[in-house]
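Asker: I need the structure of the sequence given here:
(chains A and B)
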Amino acid sequence: MLVKLTLKAHHAPAAAGLSLAICALTLLLNGHTIMLPQLLAGLTRPVNIGLLFAVGFAPTTAYLFGGDSLLLEAQARRPLISVDLALGAVITAPILLAACAALTTRDTSTALGVARDGCAFIAATLLLLALTRPSLAATVPVLYFLAISTVGLNSDGSTHTWAWLRAQPSPESCAVSIALLALAVTAFHCLARRKAAARRPLEDRATT
Amino acid sequence: MGDRSGLRSAAVLLWVPAVAFALFFISANATGWAANYPLAAASEANDGVVIIGPYVALAAAWEMGALRSLWGRLPVRRPWWRVLSGRLALVIGCGLAAMVTLYGVLGHATVLTDFPGWSLPLISVISVLCWSLFGAAVALIFRPLVALPVALIAPFLVISLPQGWSPLWLRHLNGYLSDCCSTTDVLDSRAVLASLGFLAAIAVCALAVIAVRLVRDPRSAPATAAVALAVTGVAVLGAWALISPASQLGPLPTATRPLAQLDCAQDVCLWPEDKIYRDANQTGWDQVQASWRALGLPLKTTRIGPVTTPTLLGVTVTTDSTDQVRASMASLLPRAVLGCQDDYTDQNRNDALAELGYLTLNGTGHPDPLVTPLRPDQPQPTAADAGRLWSSVQACS
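Answerer: Residues are numbered from 1 along each chain as shown, chains lettered A, B, ... in the order given. Predicted coordinates:
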């Protein structure tokens, strides 16, 4: 019951719809690129359009996890791990679906790309959400996208380490993204809830 | 007195990172045009709008987001446009300061001594105004969670996406006039007007949205909305009038530089920025011209320059290596004499002109072993072949 109410309060249906739309667009326009000229393409290569769509996960994640509900949950007196996991499932389930859909057509690269980019942007937003306000958490990943789009490549066409999302998708980079996501969920759960605990009156903390 | 310190605004906090990012972006993608050509330096600086545009839009959205949350809850006696200008003054000031910094750093302050003309500085100013107003309008429509990412990414996409669209002239609308300029070129006024029209239309539309959102008196809201709609319509029509001539342009926003700016001495005419190559061009031309005449081929004029006209042969080269000048001139000369610089459609003519160039270079006494138009199974041409080759090729129309 708590999870159901919390999901509703966190706009879970809308966020799931947005996540699904992002994944569907990525699959629909798979193979397309933002046909930037050399100057804008980060020296040598155009930007995969899936990366642009994946940026949409930043405001979606901030919308799902942040907002008024997060402030209200600061007063919660019971563990919210089930809520956080449920919210995580809401936003990552479409990614999993899209990756599976791509795998059914033996398109491993797209499956890895969808999973890697989506998980990375969700992870970045969650980490920021644990540290700062939702509007910033939604904006900084967009800044990162601009940075990797414009100056993410070396002159020989290879990718800077920090711009690994512009590289060709690989199982390793996908695994890094998923690990980051796990780390981000943990960080969000610990930091956001610790903040909540810090706001509780002392007598409450003594009794709980 | 303001409601808070300007030093804590996004425009100020992000100014140094934005300028550094823009400089890094531009320097990592050097265009290779002559650094001493003011228009090329200004164009390089103007390329910074790729970064500065999103920066000012984000900063303006940040400012107006704060206003959005308070608007209607506080008694405000000032008209909306004064509130707006008060909020955006710092953002626009920071954006303009960023562009001035880019012009100063990339142009090595040459813009002060060799002014590149008003076109590019005007486009830079209008870009800053346009994207600031756009960011403000977005922040008044959406919540910060949506407004900030949209303000950041929309200018970037508007500036970058048309570069890959067809028809190709669409890329000249957004103030990002890339591929400008070699010393032979200047900006085409149609591209400049199209950019100014498009950006101004965005600015006016954003202003209309802001006016509608900031109107306080509910009784005047319909009138404000009607005026805003009318102004938007006029702006769009005006922009279309400015944009439509640009549909005749190709992928480049450039036009040929006025020949009056050529600096001529003896037989060689060069643009002022290329004067350092005069000696190499004169030496190379003396040898190539002598070789050409020795082959018994006609010359309609002995003056050379960067473009072909009835009184000039477009064979000058911007390098100080005499070897390269000779090789380039020898290959360019047959085409310049026949007016075929841009016509490569006839393969037989291409072969004949390449052979003539080869013979000419041979005649200078400095044949370049790397310059050979011949297939391995083809016999070496002789000087006697020159007349036959010349009579076989037709001038380009």
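Asker: give me the element the residue most central in space within chain A is part of.
Answerer: Geometric centre of chain A, nearest residue: residue A:122, 1.0 Å, by C-alpha atoms, centre = their mean. Per DSSP states H and E, residue A:122 falls inside helix A:108-131.
Asker: where does chain B come near chain A, residue by residue?
Answerer: Neighbours of chain A within chain B, by C-beta under 8 Å from any C-beta of the partner chain: B:21, B:24-25, B:28-29, B:31, B:47, B:50-51, B:54, B:58, B:65, B:144-146, B:148-149, B:152-153, B:156-157, B:159-161, B:163-165, B:178. In short, each C-beta sits where N, CA and C put it, glycine included.
Asker: Is it possible to mark the buried ones in those?
Answerer: Among the residues of chain B next to chain A, those buried by neighbour count (16 or more other C-beta atoms under 10 Å in any protein chain shown) are B:21, B:25, B:29, B:31, B:47, B:50-51, B:54, B:58, B:65, B:144-146, B:148-149, B:152-153, B:156, B:159-161, B:163-164, B:178.
Asker: Which residue ranges of the chain form helices?
Answerer: In the absence of a named chain, this looks at chain A. Applying DSSP state H to chain A gives helices spanning A:2-9, A:12-28, A:49-54, A:57-65, A:68-73, A:81-104, A:108-131, A:134-151, A:171-199, A:202-207.
Asker: that's the wrong chain, I meant chain B
Answerer: Assigned by DSSP H, the helices in chain B fall at B:10-13, B:15-28, B:38-46, B:49-70, B:80-106, B:110-113, B:119-141, B:144-160, B:189-214, B:221-243, B:278-294, B:322-338, B:347-363, B:383-392.
Asker: and residue B:371, what pLDDT?
Answerer: pLDDT for residue B:371: 57.
Asker: before we move on, what about the one 10 residues further on?
Answerer: Each residue has a pLDDT score; the one for residue B:381 is 61.
Asker: May I ask which helix or strand of chain A has the lowest mean pLDDT?
Answerer: One helix or strand of chain A scores below all others by mean pLDDT, DSSP states H and E: helix A:202-207, with a mean of 48.
Asker: Would you point out which residue of the stretch 101-250 of chain B is nearest chain A?
Answerer: residue B:164 (2.3 Å; C-beta to the nearest C-beta).
Asker: how far away is residue A:69 from chain B?
Answerer: From residue A:69 across to chain B, the span is 13 Å (C-beta to the nearest C-beta, to the nearest Å).
Asker: now residue A:155
Answerer: Applying C-beta to the nearest C-beta to residue A:155 and chain B gives a distance of 8 Å.
Asker: That residue - how many residues pack around it?
Answerer: Neighbour count for residue A:155, taken as other C-beta atoms under 10 Å in any protein chain shown: 9.
Asker: before we move on, what about the one 10 residues further on?
Answerer: Other residues near residue A:165 come to 24 when the count uses other C-beta under 10 Å.
Asker: quick one: contacts for residue B:256?
Answerer: By C-beta atoms under 8 Å, 6 or more residues apart in numbering or on different chains, the residues touching residue B:256 are B:184, B:185, B:186, B:307.
Asker: just the angle between the helix holding residue A:122 and helix A:81-104, please?
Answerer: For helix A:108-131 against helix A:81-104, the angle by axes from the mean of the first three to the mean of the last three C-alpha atoms, to 10 degrees is 160 degrees.
Asker: Please render the contacts of residue B:256 as CSV that adds neighbour count to the earlier fields.
Answerer: Below are the contacts of residue B:256 laid out as CSV (neighbours: other C-beta atoms under 10 Å in any protein chain shown):
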residue, neighbour count
B:184, 17
B:185, 19
B:186, 20
B:307, 17
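Asker: Can you name the two of those that sit furthest apart?
Answerer: Greatest spatial distance in the contacts of residue B:256: B:186 and B:307, 12.4 Å, computed using C-beta to C-beta.
Asker: which stretches of chain A have low pLDDT?
Answerer: When residues are selected by pLDDT under 70, those of chain A lie in A:1-2, A:34-45, A:74-77, A:193-208.
Asker: Dump the helices of chain A into CSV; add distance to residue B:282 as well.
Answerer: Converted to CSV, these look like this (distance: least, C-beta to C-beta, whole Å):
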stretch, distance to residue B:282
helix A:2-9, 80
helix A:12-28, 60
helix A:49-54, 53
helix A:57-65, 61
helix A:68-73, 75
helix A:81-104, 64
helix A:108-131, 57
helix A:134-151, 42
helix A:171-199, 57
helix A:202-207, 89
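Asker: hey, which of those is tucked in deepest?
Answerer: Greatest average neighbour count among those goes to helix A:57-65 (a mean of 28), per mean count of other C-beta atoms under 10 Å in any protein chain shown.
Asker: by contact count, what packs against it?
Answerer: helix A:12-28, helix A:81-104, helix A:108-131, helix A:134-151, helix B:144-160 (3 or more C-beta pairs under 8 Å, 6 or more residues apart in numbering or on different chains; DSSP states H and E).
Asker: quick one, which of those is nearest to residue B:333?
Answerer: Set against residue B:333 and scored by C-beta to C-beta, the helices and strands packed on helix A:57-65 come closest in helix B:144-160, at 40.8 Å.
Asker: can you give me the angle that closest one makes with helix B:189-214?
Answerer: 170 degrees.
Asker: any residues touching helix B:144-160, and which ones?
Answerer: By C-beta under 8 Å, 6+ apart, helix B:144-160 touches A:34, A:36, A:40, A:52, A:55, A:58-59, A:62-63, A:66-67, A:134-135, A:138-139, A:142-143, A:145-146, A:149, B:49-50, B:53-54, B:57-58, B:60-62, B:65, B:131, B:134-135, B:138-139, B:141-142, B:174-176.
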